[in-house]
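# next one to model:
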Amino acid sequence: MPRFYCPVELRVGAALDLPPEAARHVQVFRMQPGEHITLFNGVAGSPAGEYDATIVQMGRSHVTVQIEGHTAIEREAARAVHLLAGITAGERMEWLVEKATELGVASITPLEAERSVTRLKGDRATKRQERWQAIAASACEQCGRNQVPRIHAPVDLVQWIKAGGLADAQRLVLSLADGTQPLAQAVQQAGAQPLVFLSGPEGGLSPAEEALARGNGFAPVTLGPRVLRAETAPLAALGYLAAL
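Sure, this is the predicted structure:
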């Protein structure tokens, strides 16, 4: 059954005019009155899960549905993983957001690192953040998640540390330095507590950034002997964590 992100209040028994973006997606699928769809609003809370709905009316720019049932199901990862990822160039960041969402990431903070090729400021940063958030919602439609991970505004590492968020989470930084421990070993030591995974852009974090991270509680970890692309490394970590 087709799934659609609908960021409004959903109630069993209610008739609902879908928001413009959701209505447009239904029309793209060339669906007709009487057909069934699944709706979710992307927010954890009461009641969580997804809703069964039937299309009752379609117009040029609107779609009305009747919400008929609710299923209290979530498909979130057992461990909340927050990704602090160096901004990569071109469409690679979009691909990273999409695949990280599919792999269960809890949130993504794009990192403006010293070696980042892409620099985002002002309206350009806002529009890019909105684009990434829309990609995350679309990925949830596809993969079955009912909670949409939040894509934060881009920050540099100093700003993130000063904000003081996720203080209760285990902090790990991907490192090529000698003596780092394997990701699997670090995760076993942490139990089930939330995790922040920091990885750099193309070229990695600078020595100063890695030193700053390690001085603020980030333990260095490795994914093995090969050097992975900036968009591949965090996905490899998320894939491993999703399988636990």
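
# tell me the SS of Asp52?
Using DSSP: H, G, I helix; E, B strand; the rest coil, the three-state assignment for Asp52 comes out as strand.

# and the closest residue to it other than its chain neighbours, what does it touch?
In space, and not counting its chain neighbours, Asp52 is closest to Gly69: 4.0 Å by C-beta to C-beta, 6 or more residues apart in numbering. No exception for glycine: its C-beta is placed from N, CA and C like everyone else's. Contacts for Gly69 were tallied using C-beta atoms under 8 Å, 6 or more residues apart in numbering; they are Val12, Tyr51, Asp52.

# what is the neighbour count of the first one?
This means Val12. Residues near Val12, counting by other C-beta atoms under 10 Å, number 13.

# just to revisit the earlier point, Ser107 versus the residue nearest to Asp52, what's the distance?
Between Gly69 and Ser107 the distance, using C-beta to C-beta, to the nearest Å, works out to 30 Å.

# what of Thr118?
20 Å.

# repeat for Thr64
Taken as C-beta to C-beta, the span from Thr64 to Ser107 is 33 Å.

# CSV please, covering the contacts of Gly69 and showing pLDDT and distance to Glu114.
Shown next, in CSV, are the contacts of Gly69 (pLDDT from 0 to 100; distance: C-beta to C-beta, whole Å):
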residue, pLDDT, distance to Glu114
Val12, 96, 51
Tyr51, 97, 45
Asp52, 98, 49
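
# what's next to stretch 89-100, contact-wise?
So stretch 89-100 is in contact with 83, 85, 87-88, 108, 110, 117-118, 131-132, 135-136, 138-139, 149, 151, 202, 229-231, 234-235, 238, going by C-beta under 8 Å, 6+ apart.

# all strands for the chain, in order.
Remark: strands of the chain, listed N- to C-terminal, are 3-5, 15-17, 36-40, 50-58, 63-71, 81-86, 107-111, 150-151, 170-174, 181-182, 195-199, 219-222; assignment by DSSP state E.

# could those strands be laid out in a markdown table, adding distance to Val97?
Formatted as a markdown table, these follow (distance: least, C-beta to C-beta, whole Å):
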| stretch | distance to Val97 |
| --- | --- |
| strand 3-5 | 15 |
| strand 15-17 | 28 |
| strand 36-40 | 18 |
| strand 50-58 | 22 |
| strand 63-71 | 27 |
| strand 81-86 | 9 |
| strand 107-111 | 6 |
| strand 150-151 | 7 |
| strand 170-174 | 18 |
| strand 181-182 | 26 |
| strand 195-199 | 14 |
| strand 219-222 | 22 |
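
# need the helix or strand of this protein with the lowest average pLDDT.
helix 183-190 (a mean of 85; mean pLDDT, DSSP states H and E).

# now it: buried residues?
Going by neighbour count (16 or more other C-beta atoms under 10 Å), the buried part of helix 183-190 is Leu183, Ala186, Val187.
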